[in-house]
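# Give me a model of this one.
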Amino acid sequence: MTEPQENIPVDAVLTWVNGNDKKWQEKINAYSETKINFSSENHLKRYNSIGEIDIAIKSIIKFAPFIRNIFLVTDDQSPESFDSLKSLAQEKGINLELVDHKIIFNGYEEYLPTFNSCSIISMLFKIPHLSEHFIIFNDDTFLMKEVSVNDFFIQGEPIIRGKWQPFNEDRTIRKSYHKLLSTFRIPVKKAKISFKRLQQNSARLAQADKYVRRFHTPVSVRKSTLTNFFETDSLLRENIQHRFRNENQFLLSSLSEHLEIKNNTYHYRDYSQLTYFRSYRNLWWTKLKLKWFKANRRKLFITFQSLDMADDRILDYILHWLEERLGKD
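All right, here's what the predicted structure looks like:
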């Protein structure tokens, strides 16, 4: 039986940085211990942009007509196309609004500037006039089919997409391997702070005995869940004090999900409804995955990680495909 359509106000929230902005590059290098060479391939991959934020916003406007506000959280920046995007949103009855870091860090200004997505996302629930129900989107994840409130909330409770996993970040085998390397004086490459580790930190904070390893999909959040948890702000301050990512931080989106799990106020899906791209080696494979996305009725989301690293042929095909999807009424 199909669930009745929800009729609740829902907002969309995105965080974005223009990594090509020279002013922002100078700012981050003023605080970074190791200066960033923005012309290197690694940093081009991390910070470059080919207009993904435009695609993300257009996809919400087109395929999520129930959205009331789209809040774009930035650090004194604005997409070049912001005015045209705002006009497009208004045509659909949606308000598109820029929210500066200074707004959400009001009362916490000592932690600015910050270049840490964990810290920034921690403050999203403080956006002025934010609805009780909101959805956090990544700027590289796009809606490419029409969705309803019921794809994110059922009877006002959030849908959580992911796989249950045990806490296994600090595995014994890994520790033994590192100890062996140390015995032979072989340097151990410093491990990156994993998304998995941050999710586990969040689950532990919610007193979970296992965690949901989240898919790379939009996250459904209830503001009251977070405001109730952060009645005192000591944990919040501890989390946002880091200008750059720290292994001891939690992810607000994951914390929210595990608090809902703890309270049994959630709906669980063990499938992602996502088509995920992280490499772009073959045009035929890209075409096949996009064709399957269109054919599979359950698929709703597409993620293109580091799309700017695709070669020209594949990039042109993907951008044309996206333009065609967004252009159709």
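# residue nearest the centroid of the chain?
Asn138 (3.4 Å; CA atoms, centre = their mean).
# Show the model's pLDDT score for it.
Looking at Asn138, its pLDDT is 91.
# mean confidence score for the helix or strand hosting Val73?
Assigned by DSSP states H and E, Val73 belongs to strand 67-74. Across strand 67-74, pLDDT averages out at 98.
# for it, the distance to its chain's centre please.
Put simply, strand 67-74 sits 13 Å off its chain's centre (CA atoms, centre = their mean, to the nearest Å).
# Counting by contacts, list what it packs against.
strand 10-15, helix 52-63, strand 95-100, helix 101-104 (3 or more CB pairs under 8 Å, 6 or more residues apart in numbering; DSSP states H and E). Just so you know, the C-beta spots here come from the backbone N, C-alpha and C atoms, and that holds for glycine as well.
# if you set the cut-off to 10 Å instead, what comes out?
Strand 67-74 is packed against strand 10-15, helix 52-63, helix 82-91, strand 95-100, helix 101-104, helix 117-122, strand 133-137, with contacts defined by 3 or more CB pairs under 10 Å, 6 or more residues apart in numbering; DSSP states H and E.
# what angle separates it from strand 95-100?
Per axes from the mean of the first three to the mean of the last three CA atoms, to 10 degrees, the angle that strand 67-74 makes with strand 95-100 is 30 degrees.
# what angle do strand 67-74 and strand 10-15 make?
Using the same axes, to 10 degrees: strand 67-74 against strand 10-15 is 10 degrees.
# so where do the helices sit in this protein?
Using DSSP state H, the helices of the chain run over 22-31, 41-47, 52-63, 82-91, 101-104, 117-122, 172-183, 195-205, 223-229, 234-240, 252-262, 283-295, 312-327.
# So which of those helices is nearest Val13?
helix 117-122 (8.9 Å; CB to CB).
# distance between that closest one and the chain's centre?
Helix 117-122 sits 10 Å away from the centroid of its parent chain (CA atoms, centre = their mean).
# likewise stretch 250-259?
Distance, centroid of stretch 250-259 to centroid of chain: 12 Å (CA atoms, centre = their mean).
# For it, give the mean pLDDT please.
Per-residue scores along stretch 250-259 average to 96.
# try stretch 123-132
Per-residue scores along stretch 123-132 average to 98.
# Any idea how far apart the tips of that stretch sit?
Distance across stretch 123-132, first residue to last, is 15 Å (CA to CA, to the nearest Å).
# Next, the buried residues of stretch 21-36.
Neighbour counts over stretch 21-36 (16 or more other CB atoms under 10 Å) mark 24-25, 28, 36 as buried.
# try stretch 239-256
Buried residues in stretch 239-256 (16+ other CB under 10 Å): 239-240, 242-243, 246, 249-256.
# With stretch 146-159 instead?
147, 149-154, 157-159.
# And stretch 76-91, by the same measure?
Neighbour-count burial for stretch 76-91 [16+ other CB under 10 Å]: 77, 79, 82, 85-86, 88-89.
# Trp292 - how many residues pack around it?
11 (other CB atoms under 10 Å).
# Quick check: closest non-adjacent residue to it.
Thr275 (7.3 Å; CB to CB, 6 or more residues apart in numbering).
# Test my guess that that neighbour contacts Leu300.
Yes. The criterion here is CB atoms under 10 Å, and Thr275 meets it with Leu300 at 9.3 Å.
# and the gap between Ile193 and Asn248?
The gap separating Ile193 from Asn248 is 9 Å, by CB to CB, to the nearest Å.
# ok, now Met309?
Taken as CB to CB, the span from Met309 to Asn248 is 31 Å.
# before we move on, what about Arg313?
From Arg313 over to Asn248 (counting by CB to CB), the distance is 43 Å.
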